[in-house]
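Enquirer: Quick one, fold the following:
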Amino acid sequence: MKLHARVIAARARKPWPVVRLGNRVLRESRSRATLDCYDYRKGGHRHHRVSAVITPPTRHRVIQRHSSTDLAAEITEARATWLEHGLCTLPADRDTAESAVAQLYRWCGYPEPEFVWTTSPPAATDFIASEGLAASVSLSRDSASRRIADRISRARERVTGERPGQRFPFLGLRAARELRVAPYAAAEMTIQESLDAGIGPRAMIRTAVQNSLRTSLFDGIAATIRTKMRPLNGVVAWYGQHEAHRVAICDALWRCGVARASASDHATVDIQATLATSTGWWWPFDDVCVLAERPIAIHTEPTPAGLHGERRLHHPDRRAVEFVDGTGVHVVHGTVVPDWVIDDPSPEKIARERNVEVRRTAIERIGWDNYIDAAGLRLVDQSPDPGNPGGALQLYSTPPEWRTNEKILLAVNGSSERDGHRRRYGLQIPGWISSAVDAAGWTYGLRGAHYAGLLRRT
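Expert: Numbers count the residues shown, from 1 in each chain. Now for the predicted structure:
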């Protein structure tokens with residue numbers, strides 16, 4: 001009792017200092033035990049809690065290891081590296097690709113398949129259809145294709161910290177909120193500007209690496225190639241080099257130290273990286289794996305106003321994507337066009353074309369002045385462009401073959417192209433507009449009188 005009284009008296013004379021931890025107030029000794037993982041109640045050391053999901057380092061720890069300049073350099077290098085792989089036109093490394101696919105099959109409990117190589121993705125889909133392989137695929141049953149897809153997607157989800165269609169269950173609340181909002185802001189800034197503004201590297205990587213490469217490779221090149229392929233319902237296709245954005249985000253996260261992975265997940269992502277750097281598209285079935293060679297030519301140009309290295313397909317005279325078997329696609333400034341637009345454009349073919357972008361591309365290839373003369377367009381109104389000093393506005397009626405009462409407004413671009421000249425372009429305008437200035441104002445959502453008061457348009 002005397003000892004107990006002394007302790008009480010000592011505490012009364014010198015109260016324990018308190019430490020604030022989050023929204024809790026702890027005494028010094030107990031707060032130290034909490035921070036040092038000391039189990040105060042059980043009187044012993046307690047190990048860190050272990051989760052099946054490896055929690056990535058916080059943004060504050062990353063900033064201590066990397067300055068914003070270092071992070072920007074790492075992100076830029078990762079994007080450039082995987083863009084180069086996505087645009088590669090070298091022959092496929094067949095041995096490496098087959099070895100990687102065989103490893104995936106073994107991991108999923110299937111023996112090594114028979115490998116069938118084709119000259120292009122369209123040739124591959126023709127082979128799959130002719131051999132009846134598509135009929136043997138069912139998304140509802142267990143199969144090699146389904147197991148491979150599950151393994152790759154789940155490994156990538158754990159590395160990137162998100163699950164498609166859900167609200168980032170593998171991340172904390174703060175990180176999830178940032179990933180939902182920050183990419184919209186990052187899309188309008190350069191990498192360095194975003195990091196300096198306090199946007200975390202994880203959100204920046206999603207915008208500058210994953211979204212940029214997806215736009216250039218998957219939404220651009222892969223979507224263009226699919227226009228030449230027959231559809232195969234229920235068949236899972238892997239795009240090899242043209243889905244490099246899926247691997248690039250993992251690589252960039254690891255480079256910047258904001259993601260970790262188990263040995264199994266790391267090995268799975270490495271296998272997909274190997275396939276992205278060694279082959280084109282591939283289709284896994286239970287006993288057979290069909291693979292396609294890479295393109296022999298890919299022609300691109302920088303996407304206008306792209307802040308993160310986005311590129312789009314373009315070649316004015318040749319096919320922008322071409323394979324060794326002669327399969328290819330003409331693309332002009334990102335617009336997929338039929339062969340006649342490049343090889344033999346004419347007013348008659350333009351009049352029969354229903355796609356506005358294809359029609360515009362064909363007219364620009366002929367030249368607006370030549371097309372106006374050949375098609376016999378009638379000038380309705382013309383005026384100097386108030387928003388573009390030195391430019392002119394010309395309003396024409398459309399040919400009867402277009403089967404529309406709309407008009408065409410010819411204008412000169414307010415900003416110069418990369419070669420210094422200002423492009424002349426045409427816009428379809430509602431038929432009820434009869435003034436060239438009113439037509440120009442309509443394209444901006446303005447009345448003609450308001451458009452005439454603009455100092456300068458772009």
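Enquirer: in the longest helix seen in the chain, what counts as buried?
Expert: Criterion DSSP state H: the longest helix present in the chain is helix 68-86. Judged by neighbour count (16 or more other CB atoms under 10 Å), helix 68-86 contains these buried residues: 68, 71-72, 74-76, 78-79, 81-83, 85-86. All C-beta atoms are positioned from the backbone trio N, CA, C, and that covers glycine.
Enquirer: So, low pLDDT: which residues of this protein?
Expert: 1-66, 138-141, 162-186, 414-422, 455-458 (pLDDT under 70).
Enquirer: what residue lies at the spatial centre of it?
Expert: Arg214 (2.2 Å; CA atoms, centre = their mean).
Enquirer: In a helix, that residue, correct?
Expert: Yes. Under DSSP: H, G, I helix; E, B strand; the rest coil, Arg214 falls within a helix.
Enquirer: And for it, nearest residue in space, chain neighbours not counted?
Expert: Excluding its sequence neighbours, the residue lying closest to Arg214 (CB to CB, 6 or more residues apart in numbering) is His245, at 4.2 Å.
Enquirer: List of residues touching the helix or strand that neighbour falls within?
Expert: Under the criterion of DSSP states H and E, His245 resides in helix 244-255. Outside helix 244-255, the residues within contact range by CB atoms under 8 Å, 6 or more residues apart in numbering are 56, 74-75, 77-79, 81-83, 85-86, 156, 159-160, 202, 205-206, 209-214, 217-218, 259-261, 269, 272-273, 276.
Enquirer: Show me what whichever strand or helix holds Asp150 packs onto, helices and strands only.
Expert: Under the criterion of DSSP H and E, Asp150 resides in helix 144-160. Packing partners of helix 144-160 (3 or more CB pairs under 8 Å, 6 or more residues apart in numbering; DSSP states H and E): helix 94-107, helix 244-255, helix 263-276, strand 282-284.
Enquirer: Out of the ones you listed, which is closest to Arg230?
Expert: Of all those, strand 282-284 sits nearest to Arg230, with 12.9 Å by CB to CB.
Enquirer: List the buried residues in the closest one.
Expert: Those would be 282-284, for strand 282-284 by 16+ other CB under 10 Å.
Enquirer: now swap in stretch 378-394 and tell me
Expert: Neighbour-count burial for stretch 378-394 [16+ other CB under 10 Å]: 380-381, 383, 385-388, 391, 393-394.
Enquirer: I'd guessed Val209 sits against Glu77; true?
Expert: No. Using CB atoms under 8 Å as the test, Val209 is too far from Glu77 to be in contact (10.1 Å).
Enquirer: any idea how far the residue nearest to the centre of the chain is from Ala197?
Expert: For Arg214, the distance to Ala197 (CB to CB, to the nearest Å) stands at 23 Å.
Enquirer: ditto for Ala305
Expert: The value you get for Ala305 to Ala197, if CB to CB is used, is 19 Å.
Enquirer: who's more crowded, these two?
Expert: Between Ala305 and Ala197, Ala197 has the larger neighbour count (other CB atoms under 10 Å), namely 13 against 6.
Enquirer: The helix or strand harbouring Thr361 packs against which elements?
Expert: Taking DSSP H and E as the criterion, Thr361 maps to helix 356-366. In terms of contacts (3+ CB pairs under 8 Å, 6+ apart), helix 356-366 is packed against strand 335-337, helix 339-343, helix 347-352, strand 424-429.
Enquirer: Format those as JSON lines; extra columns: mean neighbour count.
Expert: Shown next, in JSON lines, are the helices and strands packed on helix 356-366 (neighbours: other CB atoms under 10 Å):
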{"stretch": "strand 335-337", "mean neighbour count": "20"}
{"stretch": "helix 339-343", "mean neighbour count": "15"}
{"stretch": "helix 347-352", "mean neighbour count": "16"}
{"stretch": "strand 424-429", "mean neighbour count": "17"}
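Enquirer: now these in a markdown table, with distance to Ala100?
Expert: Converted to a markdown table, the helices and strands packed on helix 356-366 look like this (distance: least, CB to CB, whole Å):
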| stretch | distance to Ala100 |
| --- | --- |
| strand 335-337 | 31 |
| helix 339-343 | 36 |
| helix 347-352 | 46 |
| strand 424-429 | 47 |
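Enquirer: For Arg151, find the nearest of the ones you listed.
Expert: Set against Arg151 and scored by CB to CB, those come closest in strand 335-337, at 33.9 Å.
Enquirer: what about the closest one, distance to the chain center?
Expert: Distance of strand 335-337 from its chain centroid, counting by CA atoms, centre = their mean, to the nearest Å, is 20 Å.
Enquirer: Partner strands of it, with direction?
Expert: strand 328-332 (antiparallel) (DSSP bridges).
Enquirer: got the angle between the partner strand and helix 356-366?
Expert: Orientation check (axes from the mean of the first three to the mean of the last three CA atoms, to 10 degrees): strand 328-332 against helix 356-366 gives 80 degrees.
Enquirer: Now tell me what touches strand 328-332 from outside.
Expert: Defining contact as CB under 8 Å, 6+ apart, one finds that strand 328-332 is touched by 224-225, 227-228, 297, 312-316, 318-322, 336-339, 341-342, 361, 365.
Enquirer: Now, of those residues, which are buried?
Expert: Buried among those by 16+ other CB under 10 Å: 224-225, 228, 312-315, 319-322, 336-337, 341-342, 361, 365.
Enquirer: Now do the helices in the stretch 301-450 of the chain.
Expert: All helices of the stretch 301-450 of the chain, identified by DSSP state H, counting those that start in this stretch, fall at 339-343, 347-352, 356-366, 368-375, 436-443, 448-451.
Enquirer: just the angle between the fifth one and strand 424-429, please?
Expert: The one in question is helix 436-443. 80 degrees.
Enquirer: buried ones in helix 436-443?
Expert: In helix 436-443, counting by 16+ other CB under 10 Å, buried: 436-442.
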